[in-house]
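Engineer: After the sequence you'll find the predicted model.
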Amino acid sequence: MTEQRGNWTSSAGFILAATGSAIGLGNLWKFPFITWENNGGAFVLVYLVCIAAVGLPIMMAELLIGRKTQQSAVGALKEAVGPAWGLVGLWGVLCGFTLLSYYTVIAGWSLYFFAKTAGWMVGGFPTGTSLGQVFTEQSANGGLQIALSLGFSVATVSVVYFGVQKGIEKIARLFLPVLFVILALLFMVSFAMDGSREALTFIFRPSFNELDGGSVLEALGHAFFTLSLGMGAMITYGSYIARNQSVVKASGIIVLLDTVIALVATVIMFTVIFTAGMQDQVGDTGTVGMLFISLPQLFFAEGIVPGGAVLAPLFYVLVALAALTSTMSLLEVVTSYIIDEHGIERGKATLACGGVVFLFTILAALSFGGADFASNLSAPGRLGDLLFAGKTSWFGMADHFVSNWMLPTGGLAITVAVGWFMTREATESELVDETVPGWFNYNTWRFFIRYISPAAVAAIVVAVLFFGVDFS
């Protein structure tokens, strides 16, 4: 069993892998959009507070459960908290399974737009091309969607198949530096653009009169969702941490890197938008449109992005790498559960889990017009309205249920488990040792994990349940 599970070879390897799990489409897609929708400035400041007060304490909580027990989510919660808490772990596994099934579809779009932008780099951007139409046509092409999703699924399964050290850690060590270099290149280019000053002002100068309760809730929700919390991913990754690797130090670095990358991506996107003078059009295209409609067109527009024709394919390599480092962590949540709880060899467990997930990925891939049975669904009655908020596609229903129900309830349960059901001695022994950094205070962390973090995540659940807020 130990050979099948393995351990990270070093703290750097673990940090890169866990950072890769946290860095995903939420950093490159959702955070820039919600920052735009909430007028930047004050929203960003509130988000940073929420990251420190909610995201970081829960990150430490999940990692300490994993390292203490050296088991995947179900077994870890059973051992660390109590037998009944295994259901919370199973809820996390189901969440990872469901999220992976449709996340892969979005990841496949990055492959499509990489191919498109690479072609335009060589042959030139076709005059009169409507990227809105290009996106709509490709997403409605069921066969193309399945093929793109299959390609990404095969890549994900191939990484997880080889295990923690030879698969996940090796790919993280290779791909994360490439991701950082591409992002740094785009960031530097953005400062040569006319809209850079305006973008930086919009993002970092707070104007609290533009902030309302909905903005605070949005910041709180994304601070929780962006770090891969509430679905067992960090418990699973924590189970591969060696005893000489600091949970506190690693958590701090992971949260810092995730936050910096989200902010850098936002600066890049907003600089392009302000340079093009397209401020009034961004909100009309939505989260999908910002990444797959507005930006590709701006990369090829004359006089906006220096070297944009070359940078456009690189940008979608960045998106694909960010997506892959997230999909492989999601598959690992499911695979490690099968290995630990059912004693199945890693290779077989990975292929089986990947295959079953892909059956549901097909439904998600056909949800944009590829097949009526996946595009036009309905959950009858008040319960259906509550759980799915009127979404009518398999993709939309799955995304809504995961984002609004599975992740928040799973995260809330974990904060309660660690803060109130694990003993002080059990948590302190995992967090406080000779490697603990000077900025960490155990009593402060314990106060936050018992009171602040549960209250914050409970606010997300209440907002969904009673006020119809949608975090999907």
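Structural biologist: Cool, the structure landed.
Engineer: and the host helix or strand of residue 313, which residues are buried?
Structural biologist: In the assignment (DSSP states H and E), residue 313 maps to helix 308-342. Counting neighbours by 16 or more other C-beta atoms under 10 Å, one finds that the buried residues in helix 308-342 are 308-309, 311-341. Heads up, the C-betas are built off the backbone N, CA and C, glycines and all.
Engineer: go on, stretch 106-124?
Structural biologist: Buried residues in stretch 106-124, counted by 16+ other C-beta under 10 Å: 106-114, 116-118, 120-121.
Engineer: swap in stretch 373-389?
Structural biologist: 374-375, 377, 379, 387-389.
Engineer: biggest separation within the buried residues of stretch 106-124, which pair?
Structural biologist: Greatest spatial distance among the buried residues of stretch 106-124 (C-beta to C-beta): 106 and 121, at 22.8 Å.
Engineer: confidence score at residue 72?
Structural biologist: For residue 72, the model assigns a pLDDT of 94.
Engineer: isn't it right up against residue 334?
Structural biologist: No - applying C-beta atoms under 8 Å as the test, residue 72 and residue 334 come out as separate, 9.2 Å apart.
Engineer: Show me the common contact partners of the two, please.
Structural biologist: Applying C-beta atoms under 8 Å, 6 or more residues apart in numbering, one finds that residue 72 and residue 334 are jointly contacted by residue 93.
Engineer: Tell me where the stretch 251-400 of the chain has helices.
Structural biologist: Taking DSSP state H, counting those that start in this stretch to define them, one finds helices in the stretch 251-400 of the chain at 282-289, 295-300, 308-342, 346-365, 372-375, 381-388, 394-401.
Engineer: so what does the second one touch, helix or strand wise?
Structural biologist: Packed against helix 295-300, as judged by 3 or more C-beta pairs under 8 Å, 6 or more residues apart in numbering; DSSP states H and E, are the following elements: helix 86-123, helix 247-276, helix 308-342.
Engineer: distance between the longest one and the chain's centre?
Structural biologist: In this case it means helix 86-123. 10 Å (C-alpha atoms, centre = their mean, to the nearest Å).
Engineer: For whichever helix or strand comes after it, which residues meet the burial criterion?
Structural biologist: Downstream of helix 86-123, the first helix or strand assigned by DSSP H and E is helix 131-140. By neighbour count on 16+ other C-beta under 10 Å, the buried set for helix 131-140 is 131, 134-135, 138-139.
Engineer: Between the residues you listed, which sits nearest residue 272?
Structural biologist: Set against residue 272, the nearest of the buried residues of helix 131-140 by C-beta to C-beta is residue 131 (13.9 Å).
Engineer: quick one on the thing from earlier: closest one of the buried residues of stretch 373-389 to residue 450?
Structural biologist: residue 387 (29.7 Å).
Engineer: List the contacts of the residue nearest to the closest one when sequence neighbours are not counted.
Structural biologist: Leaving aside its sequence neighbours, residue 387 sits nearest to residue 401 (C-beta to C-beta, 6 or more residues apart in numbering; 5.9 Å). The contact partners of residue 401, taken as C-beta under 8 Å, 6+ apart, are 98, 387-388.
Engineer: Include pLDDT when you put the buried residues of stretch 373-389 into a markdown table, please.
Structural biologist: A markdown table is the format used below for those (pLDDT from 0 to 100):
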| residue | pLDDT |
| --- | --- |
| 374 | 91 |
| 375 | 93 |
| 377 | 84 |
| 379 | 69 |
| 387 | 82 |
| 388 | 85 |
| 389 | 82 |
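Engineer: and which of those residues is nearest to residue 289?
Structural biologist: Nearest to residue 289 among the buried residues of stretch 373-389, with distances taken as C-beta to C-beta, is residue 375, at 19.2 Å.
Engineer: I'd like to know how many residues surround the closest residue in space to that closest one that isn't next to it in sequence.
Structural biologist: Nearest residue to residue 375, sequence neighbours excluded (C-beta to C-beta, 6+ apart): residue 393, at 5.1 Å. For residue 393, the neighbour count with other C-beta atoms under 10 Å is 19.
Engineer: Next: residue 188.
Structural biologist: Using other C-beta under 10 Å: residue 188 sits among 10 other residues.
Engineer: what helix or strand is it on?
Structural biologist: helix 170-190.
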